[in-house]
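Visitor: Quick one: sequence plus predicted model below, questions after.
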Amino acid sequence: MSRAIDMMNNNQTDELTNGDEKMIDPTLMDILVCPIARCPLVYNAKTNELISVQARKAYPVRDGVPIMLIDEARDLDDNDVPA
């Protein structure tokens, strides 16, 4: 919790950048799970979404904030699911 407070005090967000590619803070990724399948998520920087392979859902990340609402997730096609 102190890391989150430090980040807020320093006006940082949980979204990081690696060149032109956005990344989600690894600490946040360690605690986030799919609200449907309760499984880990995979970050897709191209679409700026968190992917649940088991639930076949993609949760958007807006302004660095993962939107973990089932109603906001989109269904994944066979082409969208990472191998």
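Guide: Sure, I can see it.

Visitor: which parts of stretch 23-31 are buried?
Guide: 24-25, 28-29 (16 or more other Cβ atoms under 10 Å). From N, CA and C alone the C-beta is placed, and that goes for glycine too.

Visitor: Which of the residues you listed fall in strands?
Guide: Members of these lying in strands (criterion: DSSP state E): Ile24.

Visitor: Please identify which of the buried residues of stretch 23-31 is nearest to Ala58.
Guide: Distances from Ala58 to the buried residues of stretch 23-31, taken as Cβ to Cβ, are shortest for Ile24 (13.6 Å).

Visitor: what packs against the longest strand seen in the chain?
Guide: The strand that spans the most residues within the chain, counting by DSSP E, is strand 57-62. Helices and strands touching strand 57-62, by 3 or more Cβ pairs under 8 Å, 6 or more residues apart in numbering; DSSP states H and E, are strand 49-52, strand 74-75.

Visitor: Could you list the residues in contact with that strand?
Guide: With Cβ atoms under 8 Å, 6 or more residues apart in numbering as the test, strand 57-62 has contacts from 15, 22, 24, 34, 36, 41, 43-44, 47-52, 66-70, 72-76, 80.
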